[in-house]
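> 3D model of this:
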Amino acid sequence: MPNPKKRHSKARRDKRRANWKLEAPQLSLCPQCRQPKMPHRVCPTCGHYNGKEIVQAPEA
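Coordinates of the predicted model:
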């Protein structure tokens, strides 16, 4: 496996790393309470998943 002959500059290194950005998580609406939630997870607001109550909803 060949090794680099010369050192790469910081600008060249940073150009390569420029695409490592954080993305906002994708959200979907809960069919029960219409609040945003992450897909394939229990709704933190109402506690439903796939039309069934999985956990007790926190009392506000």
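> Tell me if A11 really is in a helix.
Yes - assessed with DSSP: H, G, I helix; E, B strand; the rest coil, A11 lies in a helix.
> quick thing: my sequence starts at 133, can you match it?
From this message on, residue numbering opens at 133, which makes the last subject A143.
> check contacts around it.
Not one residue lies near A143 by Cβ atoms under 8 Å, 6 or more residues apart in numbering. Placement of C-beta: from N, CA and C, glycine included.
> Spatially nearest residue to P163, not counting backbone neighbours?
In this structure, P163 finds its nearest non-sequential neighbour in G183, 7.3 Å apart by Cβ to Cβ, 6 or more residues apart in numbering.
> Can you get me a residue count around the one you found?
7 (other Cβ atoms under 10 Å).
> That one is in contact with V174, isn't it?
No - if you go by Cβ atoms under 8 Å, G183 and V174 don't touch, sitting 12.0 Å apart.
> The most centrally placed residue in the chain: what's it in contact with?
Closest to where the C-alpha atoms of the chain average out (Cα atoms, centre = their mean) is P157, at 3.5 Å. By Cβ under 8 Å, 6+ apart, the contact set of P157 is M170.
> quick one, phi psi at it?
phi -70, psi 150 (degrees, to the nearest 10).
> Show the model's pLDDT score for it.
Predicted confidence (pLDDT) for P157: 90.
> One more: C175?
pLDDT at C175 comes out at 93.
> who touches it in this structure?
With Cβ under 8 Å, 6+ apart, C175 has these contacts: C162, Q164, C165, Q167, K169, Y181.
> Could you report the pLDDT at the fourth one?
Meaning Q167. Looking at Q167, its pLDDT reads 95.
> My understanding was that it contacts H180; is that so?
No - in this structure, Q167 is not within contact of H180 by Cβ under 8 Å, at 10.4 Å.
> residues near the nearest residue to A189 once chain neighbours are set aside, how many?
In this structure, A189 finds its nearest non-sequential neighbour in G179, 4.4 Å apart by Cβ to Cβ, 6+ apart. As a burial measure, G179 scores 17 neighbours (other Cβ under 10 Å).
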